[in-house]
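Undergrad: Quick one: sequence and predicted model below, then my questions.
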Amino acid sequence: MNKKEFLGRLSELIKDIPEEEKKDILFDYEEHFRIGLEKGRKEEEIAASLGDPKIIAKQSRASCILKEAEKTTSASNIIRAIFAAVGLGFFNLVIVLGPAIGLIGILVALFAASFAITVSGAAVLFGTLMGPVFAWSIYIPFAAVVSIPLGIGLTALGFLSIIGAFYLTKLFYKLCISYLKMNLQIITNRRNTR
Amino acid sequence: MNIQFKKGVLELCVLSMLDKEVCYGYELVNEISKSISISEGTIYPLLRRLKSEELVTTYLQESQEGPPRKYYKLTELGRKKEKELKKEWFTFVKDVNNFLKGSEKNE
């Protein structure tokens, strides 16, 4: 592989990260080639000692995408970061993807439960108030004295748990980022040595 | 050298080299690969990580031989980290040495 091939391949492999970041990465390797050539080494020799562009690209992508996920909170960003980390090796399939699926499952269940509580509260309230109008189709087995406070209570509880679930999601997001950061640090240190 | 030993030590090597002088990337890679066999290309992602953790800063400086080069300089935080890692490393080496000497006597 010569200089052009090496840089071309690397640039192709990191094309989905922000332009500025990409330029910065390529600059480092261009400079490396340039100085190596000045010292009288051959392009092929420099490319060979730099190693596989694929490994370089994976590491650069993972840390870049993670940085983005930290800056702008969004579901798609964190999912991209998780997948970039998973791409770093089979090891990560187990220690990143596993817990990620577990956490997402818990969050989905929490939201579903909170939503169900809210809806059931609203239904009790609605049923009690509208009972006389739709008498043929609604049956509430409590007296209005019980069912109105019950309905209001359930709705409020549901709303509170939705808010709680949002906070928990935020917390999970932060935890996820720190975990991925630590993971990346360990993986890059492993990969740097051969 | 065993891969387990080298794991994680690379960061310390980079920081300790920068503690002595400012370097450009090629210099760092070259010096370190003289003593430790590494995939040279992966030292740049490490440098980018150190930069984003604010352990080093970079600046461009003209060189006599051609276009400007990117130099890496240790920050205060980086200096602190270097001292910390170095201390940990020496303690670790000392402990292992003591252990090995001890087990030799027992044999």
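TA: Cool, the structure landed. Quick caveat: nothing in here was measured; it's all calculated off a predicted structure.
Undergrad: make it CA atoms for all contacts and neighbour counts henceforth
TA: OK.
Undergrad: number of nearby residues for whatever residue of chain B ends up closest to chain A?
TA: At 4.0 Å from chain A, B:G41 is the closest residue in chain B, using CA to the nearest CA. A count of nearby residues for B:G41, using other CA atoms under 10 Å in any protein chain shown, gives 24.
Undergrad: Now tell me which helix or strand of chain A has the poorest mean pLDDT.
TA: Within chain A, judged by mean pLDDT, DSSP states H and E, the helix or strand with the poorest mean is helix A:90-92; its value is a mean of 78.
Undergrad: what's it in contact with?
TA: A:85-86 (CA atoms under 8 Å, 6 or more residues apart in numbering or on different chains).
Undergrad: Distance from the chain centre to that helix, please.
TA: Helix A:90-92 has its C-alpha centroid displaced from the chain centroid by 17 Å (CA atoms, centre = their mean, to the nearest Å).
Undergrad: what's the next secondary structure element after it?
TA: Counting by DSSP states H and E, the next helix or strand C-terminal to helix A:90-92 is helix A:98-130.
Undergrad: So which bits of that next one are buried?
TA: A:100, A:107, A:110-111, A:113-115, A:117-125, A:127-128 (16 or more other CA atoms under 10 Å in any protein chain shown).
Undergrad: how far does the one helix or strand A:L171 maps to sit from the chain's center?
TA: Using DSSP H and E, A:L171 sits in helix A:144-192. Relative to the chain's own centre, helix A:144-192 is displaced by 14 Å; criterion: CA atoms, centre = their mean.
Undergrad: and the angle for it with helix A:98-130?
TA: Put simply, helix A:144-192 runs at 170 degrees to helix A:98-130, going by axes from the mean of the first three to the mean of the last three CA atoms, to 10 degrees.
Undergrad: thinking again about what came up before, chain B next: which of the buried residues of helix A:98-130 are close?
TA: With CA under 8 Å from any CA of the partner chain as the criterion, the buried residues of helix A:98-130 include none near chain B.
Undergrad: Next one, pLDDT for the residue in chain A that chain B sits nearest to please.
TA: Closest to chain B within chain A is A:L50: 4.0 Å, counting by CA to the nearest CA. Looking at A:L50, its pLDDT stands at 91.
Undergrad: can you pull the contacts of the closest residue to it other than its chain neighbours?
TA: Of all residues not flanking A:L50 in the chain, B:G41 sits nearest, at 4.0 Å (CA to CA, 6 or more residues apart in numbering or on different chains). By CA under 8 Å, 6+ apart, the contact list for B:G41 reads A:49-53, A:56.
Undergrad: Give me the mean pLDDT for whichever strand or helix holds B:G102.
TA: B:G102 is part of helix B:76-106, with elements assigned from DSSP H and E. Computed over helix B:76-106, the mean pLDDT rounds to 90.
Undergrad: How about it and chain A, any contact?
TA: No: contact of helix B:76-106 with chain A (CA under 8 Å from any CA) is absent, the minimum separation being 14.3 Å.
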